[in-house]
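S.K.: What follows is a predicted protein model with its sequence.
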Amino acid sequence: KLERETETIRGLSLIARSDQHVTAAPVSAGATLVSLAGSLSVGVIDTDTRSTVAGNASINPQNQGAAAAQAVRVAALDETNLTGVSTTLPFSGLTPVATGAVTVGIMTKDVLAQLGGTIQASGNVGVEAFSEQDLRQISAAVPLGILGGFAGSVGVARTNGKVRATLLADSQLRAGGDLTVEAREDMDFDQVIGGVTGGLNANGGAIAVGVQEGSVEARIAERARTDAGGLTRVLADAKQKVTTATVSAQIGLANVGGSLGVRVADLDTLAEIAADARINEDRTLAGNTQSVLVTARNALSLEGGSGSGSLGLIGIGGSADIAVARNTTIARIQDRARVFASEDISVVANGEKSVLATGITGSLSLGLGFAGSVAVAVLGGAADSRGVDQLQYSRAKDDADDRDGLLRAANTLLAADQTSLLDNRNGAAGLVNDP
């Protein structure tokens, strides 16, 4: 979680932060002889948060006598909360009631931290891009009438975000401490869409559609040269939680109802040392703890369900719930890159998917009744760890949240045959683990 705090800055710190908190909650209600009501909530957020040091910059070019704690930090931070609530509560005594509640939420974000040029620091250097998104939707349509009516509830949400932390191409960096290039996204997405209709002839439907797509990237770009005395970490970390509930219910003599829920997650998570990069070639800075970790992590929870219920003389209902997970998680060291370390060199990709699709339909009828439901779950994407035996990477999972644990996990991975550390199809990449 992004929390505000105070810290002492030693050296150069360039931070861009944006915060958006938007709530839209219209309500429609009334009691008339003839009732037609509707409620619409629309929320749109489009943000661009950037913290950039250009490729021709020079930071601390003459650094003799600098304090040991001297640091360089470039960070872009974004926190967004979007809440939409749409509610209708009409009543009519003599005619059928028709009502609809619609909630629409769209979020587009670009969070970028990049550092380039010639950089020196006696302490740590960090390039960090963090994004936190929270999207909530509620649509509720509840018409009441003696003759019945129709209730329609719709929720549509789409997020498209880019979170990128990059050490630019051709940069030259020297750090006495650690070098961190880190991109993180934390996404929480909830939809509750429903309607209830009562009367002699009750009809209704509920539809929820949620799509989350985008990318989380941490990169040391092409031809960059870096030397760090401690840990060089390239980390891309994405956490996604998407939950939807779609419900439609009818109570009357003759009822027809249905519900549909669709959830889609399509996110690319990439941690990379790009082609022709040179990492720790200058061995004069090498300390006993000098290590290189390239880690991509994605944890996806995609859960929810659709339900439809009918109570009366005649009842017809159906529900469908569809969940699609297309996330890709990649950690890699590209061709012709050369990477040195006194201790461990590790490349780890860890992708987790928890997907639940549920369809429930019930019809309690004294006469004719029909009920049907469908649930579909589609899984795709890949977890690719180039440079590490892919059958071994899961051993690092439990320890990956802290540096010491990750070093222990990386050590376990590297205990395997060193020749398995290379995806060297072109015969050009290089990893070196110094004694």
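M.R.: All right, it came through fine.

S.K.: Can you pull out the low-pLDDT segments for the protein?
M.R.: Applying pLDDT under 70 to the chain flags residues 1-7, 29-35, 93-94, 363, 367, 381-435.

S.K.: hmm, 50 instead?
M.R.: The chain contains residues with pLDDT under 50 at 385-435.

S.K.: Quick check: buried residues in stretch 223-231?
M.R.: The neighbour-count check on stretch 223-231 (16 or more other CB atoms under 10 Å) flags 223-231 as buried. The C-beta positions use only the backbone N, C-alpha and C, and glycine is treated the same way.

S.K.: Only alpha carbons, please: show it as PDB.
M.R.: Output in PDB follows, covering the C-alpha atoms of stretch 223-231 (Å, rounded to 0.1, in the frame of the first residue of the first chain):
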ATOM      1  CA  ARG A 223      23.700  -1.200 -23.700                       C
ATOM      2  CA  ALA A 224      23.300   0.200 -20.200                       C
ATOM      3  CA  ARG A 225      26.400  -0.200 -18.000                       C
ATOM      4  CA  THR A 226      25.900  -0.600 -14.300                       C
ATOM      5  CA  ASP A 227      28.300  -1.300 -11.400                       C
ATOM      6  CA  ALA A 228      26.800  -1.700  -7.900                       C
ATOM      7  CA  GLY A 229      28.700  -2.800  -4.800                       C
ATOM      8  CA  GLY A 230      25.600  -4.600  -3.300                       C
ATOM      9  CA  LEU A 231      22.400  -6.000  -4.700                       C
END
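
S.K.: okay, the buried residues of stretch 223-231 in a markdown table with distance to Asp266 next?
M.R.: What follows is the buried residues of stretch 223-231, written out as a markdown table (distance: CB to CB, whole Å):
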| residue | distance to Asp266 |
| --- | --- |
| Arg223 | 31 |
| Ala224 | 29 |
| Arg225 | 35 |
| Thr226 | 32 |
| Asp227 | 37 |
| Ala228 | 34 |
| Gly229 | 39 |
| Gly230 | 36 |
| Leu231 | 32 |
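
S.K.: and which of those is nearest Ala57?
M.R.: Set against Ala57, the nearest of these by CB to CB is Ala224 (13.8 Å).

S.K.: who touches the closest one in this structure?
M.R.: Neighbour list for Ala224: 167-173, 274, 277-278 [criterion: CB atoms under 8 Å, 6 or more residues apart in numbering].

S.K.: Identify the spatial nearest neighbour of it, chain neighbours not counted.
M.R.: Spatially, and ignoring its direct neighbours in sequence, Ala224 is nearest to Ser171 (4.6 Å; CB to CB, 6 or more residues apart in numbering).

S.K.: Report whether the expected contact of the one you found with Gly55 is present.
M.R.: Yes. Counting by CB atoms under 8 Å, Ser171 does reach Gly55; the two are 6.8 Å apart.

S.K.: Overlap in contacts, those two.
M.R.: Residues touching both Ser171 and Gly55 (CB under 8 Å, 6+ apart) are 116-117.

S.K.: For these two, work out which one has more neighbours and name it.
M.R.: Set side by side, Ser171 and Gly55 show more neighbours around Ser171, with 23 against 15, by other CB atoms under 10 Å.

S.K.: Phi first, then psi, for that one.
M.R.: Note on Ser171: backbone dihedrals following degrees, to the nearest 10 are phi -70, psi 150.

S.K.: what's the spacing between it and Pro61?
M.R.: Computed as CB to CB, to the nearest Å, the Ser171 to Pro61 distance reads 14 Å.

S.K.: any shared contact partners between the two?
M.R.: Both Ser171 and Pro61 are contacted by Thr118, under the criterion CB under 8 Å, 6+ apart.

S.K.: Would you map the helices across the stretch 301-435 of the chain?
M.R.: Taking DSSP state H, counting those that start in this stretch, the helices of the stretch 301-435 of the chain run over residues 403-414.

S.K.: and the closest residue to Asp19 other than its chain neighbours, how many neighbours does it have?
M.R.: In this structure, Asp19 finds its nearest non-sequential neighbour in Glu79, 5.0 Å apart by CB to CB, 6+ apart. Look at Glu79: counted by other CB under 10 Å, it has 20 neighbours.

S.K.: got it, and Asp46?
M.R.: Neighbours of Asp46 under the rule other CB under 10 Å: 11.

S.K.: same thing with Ala98?
M.R.: 21.

S.K.: So it belongs to a strand, correct?
M.R.: Yes. Looking at Ala98 with DSSP: H, G, I helix; E, B strand; the rest coil, it is inside a strand.

S.K.: which stretches of the stretch 201-350 of the chain form strands?
M.R.: Along the stretch 201-350 of the chain, counting by DSSP state E, counting those that start in this stretch, strands occupy 201-220, 225-228, 231-251, 254-273, 278-279, 291-312, 314-325, 328-333, 338-341, 345-355.

S.K.: Let me see the contact set for Gly258.
M.R.: Contacts of Gly258 (CB under 8 Å, 6+ apart): 205-206, 248, 308, 317-319.

S.K.: Can I have the buried ones of those residues as a ChimeraX selection?
M.R.: A single ChimeraX command selects the buried members of these (16+ other CB under 10 Å):
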select :205,206,248,308,317,318,319
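
S.K.: Switch the contacts of Gly258 over to JSON lines; also include distance to Gly11.
M.R.: Output for the contacts of Gly258, formatted as JSON lines (distance: CB to CB, whole Å):
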{"residue": "Gly205", "distance to Gly11": "59"}
{"residue": "Ala206", "distance to Gly11": "55"}
{"residue": "Ser248", "distance to Gly11": "59"}
{"residue": "Ser308", "distance to Gly11": "60"}
{"residue": "Gly317", "distance to Gly11": "64"}
{"residue": "Gly318", "distance to Gly11": "63"}
{"residue": "Ser319", "distance to Gly11": "58"}
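
S.K.: between the contacts of Gly258, which is closest to Lys162?
M.R.: Ala206 (32.0 Å).

S.K.: My read is that that closest one contacts Val247, right?
M.R.: Yes. Counting by CB under 8 Å, Ala206 touches Val247, with 6.1 Å between them.

S.K.: strands paired with the helix or strand harbouring Val72, and their directions?
M.R.: Per DSSP states H and E: Val72 is located in strand 71-92. With DSSP bridges as the test, strand 71-92 is paired with strand 11-24 (parallel), strand 27-32 (parallel), strand 125-141 (parallel), strand 144-145 (parallel).

S.K.: Find residues that contact each of Ala206 and Val247.
M.R.: By CB under 8 Å, 6+ apart, the residues touching both Ala206 and Val247 are 193-195, 259, 306.

S.K.: Tell me the one of those nearest Leu313?
M.R.: Gly195 (20.5 Å).
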